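[1] just need the structure, nothing else, for what follows:
(4 chains)
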There are 4 protein chains.
Amino acid sequence: MRFFSDNAASVHPAVLEALAAANRVDTAYDGDALSRSLDARFSDLFGRECRVLWVATGTAANALALAALVPPYAGTVCHRDAHIQNDECGAPEFFTHGAKLHLGDGDGAKLTPAGVSRVLDAIANDVHRVQPRALSITNATEYGRVYTPDEVAALGALARERGLGFHMDGARFANAVAHLGCSPAAISCDGGVDVLSFGFVKNGGLSAEALVFFRPELVAGVPERRKRAGHLLSKGRFMAAQIIAMLAEDRWLDAARAANGAARRIADAAPARLIHAVEANELFLRMTPAEAETLRAQGFDFYDWAEGEVRFVTSWDQPDAEVAALAGALARL
Amino acid sequence: MRFFSDNAASVHPAVLEALAAANRVDTAYDGDALSRSLDARFSDLFGRECRVLWVATGTAANALALAALVPPYAGTVCHRDAHIQNDECGAPEFFTHGAKLHLGDGDGAKLTPAGVSRVLDAIANDVHRVQPRALSITNATEYGRVYTPDEVAALGALARERGLGFHMDGARFANAVAHLGCSPAAISCDGGVDVLSFGFVKNGGLSAEALVFFRPELVAGVPERRKRAGHLLSKGRFMAAQIIAMLAEDRWLDAARAANGAARRIADAAPARLIHAVEANELFLRMTPAEAETLRAQGFDFYDWAEGEVRFVTSWDQPDAEVAALAGALARL
Amino acid sequence: MRFFSDNAASVHPAVLEALAAANRVDTAYDGDALSRSLDARFSDLFGRECRVLWVATGTAANALALAALVPPYAGTVCHRDAHIQNDECGAPEFFTHGAKLHLGDGDGAKLTPAGVSRVLDAIANDVHRVQPRALSITNATEYGRVYTPDEVAALGALARERGLGFHMDGARFANAVAHLGCSPAAISCDGGVDVLSFGFVKNGGLSAEALVFFRPELVAGVPERRKRAGHLLSKGRFMAAQIIAMLAEDRWLDAARAANGAARRIADAAPARLIHAVEANELFLRMTPAEAETLRAQGFDFYDWAEGEVRFVTSWDQPDAEVAALAGALARL
Amino acid sequence: MRFFSDNAASVHPAVLEALAAANRVDTAYDGDALSRSLDARFSDLFGRECRVLWVATGTAANALALAALVPPYAGTVCHRDAHIQNDECGAPEFFTHGAKLHLGDGDGAKLTPAGVSRVLDAIANDVHRVQPRALSITNATEYGRVYTPDEVAALGALARERGLGFHMDGARFANAVAHLGCSPAAISCDGGVDVLSFGFVKNGGLSAEALVFFRPELVAGVPERRKRAGHLLSKGRFMAAQIIAMLAEDRWLDAARAANGAARRIADAAPARLIHAVEANELFLRMTPAEAETLRAQGFDFYDWAEGEVRFVTSWDQPDAEVAALAGALARL
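    Numbers count the residues shown, from 1 in each chain, chains lettered A, B, ... in the order given. Okay, the predicted model is just below:
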């Protein structure tokens, strides 16, 4: 019973069907009808003009977004525990040609305006210091916490005031929207987000994420950067098809609701162990090594996060029986 | 009737079946059993120890290969018409951090030892010039020509003598092997090739190429470079599955033979028009704009290559009827 | 008797005096009064608003200029024999983060509008090709030829029409101005040049070149790029002092006239040997190895350029006796 | 009376004399006799084989050193307050092509083995995290503290054990040696330092620092990186001459002793205000804005470091009268 990572989950059947349906001769790269329809589909979803490129990974989406916002000699403010800082082997530095990440703090990997201001105010405005040009947050965060519309808007206002582009790593954007029950715009463009890495792979997709630009002018140069990063797949219709399949019939939301719900049920079984509030599909629990061993002996697979801490991640396709089993096992610990 | 690009072809049914078969929960990234089996499969195929990484595009494969061979301050000798020079929007420069391409000449986009030596000899050995560290050839070439085992070996000997790593862009490696009827090793590792971009996407694959290292020590740092380029897909089992499906039952060879055969039949219908010998699945023909117009009016889609020149590319799935129709139309021109 | 390179020449006494005069406590980096005066001095010299940064080498000046004009995924058109292509160990690629050099042809390392257009027209306007964004010429060229005001203006018009920034490598800008007897503006900003690497080191300076921006908005980001390239010297007043000393009393022009005149006298002694017209301070002569040996036996030091070709470079401080000796020796050959 | 920065100090007369003495025609770049003598001079000084390159700034020296030790996908452990992190506008990221700085803590900007281990142990050894490959310390530190031979050796042992290259930023190396009264080797190569940025500019030089490699094999590629960073000055003899002049007659040590002594006298006048022990030529003092204003009104120039903190830096050429005046003024505050 795998609670190790939503990256390990299966692909949504609708995605595989969409791949099969796309399997005809068509224009190469992103000249096909499916790829060309993405701008319109996302513009509809967000209620404003979007420019959208598919890419194969969240890492590529994030790094391309930062490269669009930050010149090589500048920097991005992000949380100390952000995926772009810790889990991408320096992809932001690679795509931006060496721009720096300025690290801030905040509970649950959430940045606050005060926390961001502390980072900004410590950077003297001279040619010797790397000047910040962007703010990047993750929603839901690396600890499964969710920024509300108001929280996003407050950070967006700060970014605008301080001349920073605003990027959201939405590897689990669907989980955040599902948790809040708001519109996708409410925690992105309405709050001042300029570029969103809209994740699908952790939520039923196979290999496609959407890089969404809410300010069309920012997309200048991004197709070239995508190409030269080797991310312009020649059979792009199979990328667009995945995304379209997940957007159809709100599958992306249903999938996220399923994952969130599973996490909720597990959390309710062990409320005293929770290190962070469970708002999306990740659970961080206090647990002794002996307890972890007990669970593993029962067939549960999960991640040792830190000393005395473990991480469980639920997936869109997590069987109810596994969820019930884990909840029961935790209650019994 | 599409003869525009093999990138536009359909995906082999066995590949889609393999994706469906791989659709279960598994380890993320490249820790799954399929991905871990690639070294052994390619080692079997080439008869020597290989280290293999999947990537989503030939551009990524080529650029990672060059980054493994060439430091940022050095260069790669390639043909003036090479894909890495003209069709990757600077991916080699991006992945190598600015290494230069030293351009050579040769008929049909084929380099010869004499041609490579001319390039090398013109580069003074001092700190002001960018020193060559690698040789890269494409087999089959951008003009559909094929390097024989002897030709590869002669270039391999030169590379070794001059201290150059040897890379082969094998976006159409299958077509070259199919044309020659030789072993895959005969035109790669046996001839001194150090790294091969073994293409599948133009030949029935969906989104997976194999980057094959014949000298295991060269792979050091490549997983990190792949990760930070955003090319470590989180559901890597679907990448490996594609490659394994195409290798099984020699599908890769059958697919290439089909494409080559189609090109052969078309070439035989218009021998006087051929600009380059047709050895793989590409045809470059002399053709007036009026003639091209006539063909397009009959429903044939193809590429205007240069003034008075057109390019046709056949695919592994090209219907016989289309091939016959084009052959007939050319004969009637 | 050294005719090997003007890089080997001595430093103008006025420069050393200026260093001594600047040797007092002052503000660090480029905050000193001398550095801050450069904008005004060059604005006077060129008759339009300039923004000027000192750097230690022509290579740094050229590479910073290109980085200001060209994004990493784009390219610069230059001559196949340009210094930026052949003699800077990839500095343009380093500073631009991998932008490509598109190589053109022309006699005497001079580009023409037709030659540049040929390069541009061969680059399909799609995301796969590296798109040109700048034109760079060298005046005087690497073969000692000089672009006239009309020639510069014709290239400037083409650059504007095709959306290219226009850079001039003026390592021997003084020699070109001295040859033409025109204003410095006539072959730079008046002809559409956006950025000029104004060389002093080959012409009496010690370690300071001026990077001159004729469009002030282009300087955005350049101070940061200079700093992070390690080129913001902490005692910048000694950089500015050198430049100011050479500009004073038209020393830069006198020095260039002296070097040009020396070359002229040597050229007149061997007109039949000249491979390129002698317009600045470089001479390229046809010469057999035996003849070269004869000259070397008489104490002349020079560069073997290619088979049957040698290069002599005269300096601002070349003794008349050496010039007369070489002229005589050549005449006797 | 300037206590703002040792960068603003004057150049040692012996350096200017050396420049004048070097002002003859000679081989360009670093082929001159002075440049070629540096390896031997530093090998003598350190008692082991050294390879030495001059560069114009400490930033260039540091960044080249890191590029020699760390591939683009790896990282360097340094102190949170290190110059390479805060004061070089991202030069390390530029020269290394995006390698990350992993930040550690420690009093007075000094790292300890325990502090470094904490940083290292927090980095999981997988492809997603940027793996550390080097350790960089500054001696004397950014707060004027000095690592002793034992402290350097302990860090060197840790670096060796953990597979890290070891770099020392020695912008104020002379001040550290002068403070300790030890041999230069004792706090560098004897303690396991692989590469040293040996500073001269803050200590009487004009524009030359020495990049010293204690492991000759590490210098591979560094001349090329220096060239393509625009740091191979064409009149290199004037760079080597500065360094040689400062090494002669132990001028570098005398200069550092003078600066340290001045700092000592000032420190003794205000011991209660010291934030860090004064071991080199920097003083960090607690001071109210009103007190700072009082000092400035008396003609003292210095840096507002942080709220309630100011920084004074003494120079090799600081007049005794200024030192006495400042000491008196502080005592009277």
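
[2] what does the stretch 51-200 of chain A have sitting close to chain D?
    A:72-73, A:75, A:86-90, A:93-94, A:96-100, A:127-130 (Cβ under 8 Å from any Cβ of the partner chain). (Each C-beta comes from the backbone N, C-alpha and C, glycine too.)

[3] so which of these are also by chain B?
    Restricting those to those near chain B by Cβ under 8 Å from any Cβ leaves A:E88, A:C89, A:G90, A:E93, A:F94.

[4] filter the residues you listed down to just the ones in helices.
    A:E93, A:F94 (DSSP state H).

[5] closest one to chain D out of the ones next to chain B among the residues of the stretch 51-200 of chain A next to chain D, please.
    For those, the closest approach to chain D (Cβ to the nearest Cβ) belongs to A:E93, at 3.4 Å.

[6] could you pull out the buried residues of the longest helix anywhere in chain A?
    The helix that spans the most residues within chain A, counting by DSSP H, is helix A:251-269. Neighbour-count burial for helix A:251-269 flags A:251-267, A:269 (criterion: 16 or more other Cβ atoms under 10 Å in any protein chain shown).

[7] try stretch A:168-182
    Residues of stretch A:168-182 classed as buried: A:168-180 (neighbour count, 16+ other Cβ under 10 Å).

[8] near chain B at all, it?
    No. If you take Cβ under 8 Å from any Cβ as the test, stretch A:168-182 misses chain B, and the best it gets is 9.6 Å.

[9] how long is that stretch end to end?
    Its start and end residues considered, stretch A:168-182 measures 16 Å (Cα to Cα, to the nearest Å).

[10] still on that earlier bit, make a ChimeraX selection of the buried ones in the ones next to chain B among the residues of the stretch 51-200 of chain A next to chain D.
    Here is the ChimeraX selection string for the buried members of those, based on 16+ other Cβ under 10 Å:
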select /A:88,89,90,93,94
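
[11] chain C: which of the ones next to chain B among the residues of the stretch 51-200 of chain A next to chain D is nearest?
    A:F94 (10.3 Å).

[12] for that closest one, what are its contacts?
    A:A63, B:R228, B:A229, D:P72, D:Y73, D:H97, D:G98 (Cβ atoms under 8 Å, 6 or more residues apart in numbering or on different chains).

[13] pull the contacting residues for the residue nearest to the fifth one when sequence neighbours are not counted.
    In other words, D:Y73. In space, and not counting its chain neighbours, D:Y73 is closest to B:E224: 3.9 Å by Cβ to Cβ, 6 or more residues apart in numbering or on different chains. Counting by Cβ under 8 Å, 6+ apart, B:E224 touches A:C89, D:P71, D:Y73, D:A74, D:V127, D:Q131.

[14] in CSV, list those along with distance to D:I275 and secondary structure.
    CSV is the format used below for the contacts of B:E224 (distance: Cβ to Cβ, whole Å; DSSP: H, G, I helix; E, B strand; the rest coil):
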residue, distance to D:I275, secondary structure
A:C89, 38, coil
D:P71, 38, coil
D:Y73, 38, coil
D:A74, 34, strand
D:V127, 42, coil
D:Q131, 35, strand
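
[15] by neighbour count, which of those residues wins?
    Counting neighbours by other Cβ atoms under 10 Å in any protein chain shown, D:Y73 leads these with 29 neighbours.

[16] how close does that one sit to D:V127?
    Counting by Cβ to Cβ, to the nearest Å, the gap from D:Y73 to D:V127 is 9 Å.

[17] give me the common contacts of these two.
    Common neighbours of D:Y73 and D:V127 (criterion: Cβ under 8 Å, 6+ apart): A:C89, B:E224, B:K227.

[18] which parts of the stretch 1-150 of chain A are helices?
    A:13-21, A:33-36, A:38-46, A:58-69, A:83-86, A:91-96, A:113-121, A:149-161 (DSSP state H, counting those that start in this stretch).

[19] tell me the contacts of the nearest residue to A:Q131 once chain neighbours are set aside?
    Among residues not flanking A:Q131 along the chain, A:A74 sits closest, at 5.3 Å (Cβ to Cβ, 6+ apart). For A:A74, the contacting residues are A:A99, A:K100, A:V130, A:Q131, A:P132, A:R133, A:A134, C:E224, by Cβ under 8 Å, 6+ apart.

[20] can you list those residues in JSON lines and add pLDDT and distance to B:A14?
    Output for the contacts of A:A74, formatted as JSON lines (pLDDT from 0 to 100; distance: Cβ to Cβ, whole Å):
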{"residue": "A:A99", "pLDDT": "98", "distance to B:A14": "44"}
{"residue": "A:K100", "pLDDT": "98", "distance to B:A14": "47"}
{"residue": "A:V130", "pLDDT": "98", "distance to B:A14": "51"}
{"residue": "A:Q131", "pLDDT": "98", "distance to B:A14": "53"}
{"residue": "A:P132", "pLDDT": "98", "distance to B:A14": "50"}
{"residue": "A:R133", "pLDDT": "98", "distance to B:A14": "48"}
{"residue": "A:A134", "pLDDT": "98", "distance to B:A14": "44"}
{"residue": "C:E224", "pLDDT": "98", "distance to B:A14": "53"}
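
[21] dump the residues you listed into JSON lines; add distance to A:E291 as well.
    Formatted as JSON lines, those follow (distance: Cβ to Cβ, whole Å):
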{"residue": "A:A99", "distance to A:E291": "42"}
{"residue": "A:K100", "distance to A:E291": "40"}
{"residue": "A:V130", "distance to A:E291": "44"}
{"residue": "A:Q131", "distance to A:E291": "47"}
{"residue": "A:P132", "distance to A:E291": "42"}
{"residue": "A:R133", "distance to A:E291": "45"}
{"residue": "A:A134", "distance to A:E291": "41"}
{"residue": "C:E224", "distance to A:E291": "52"}
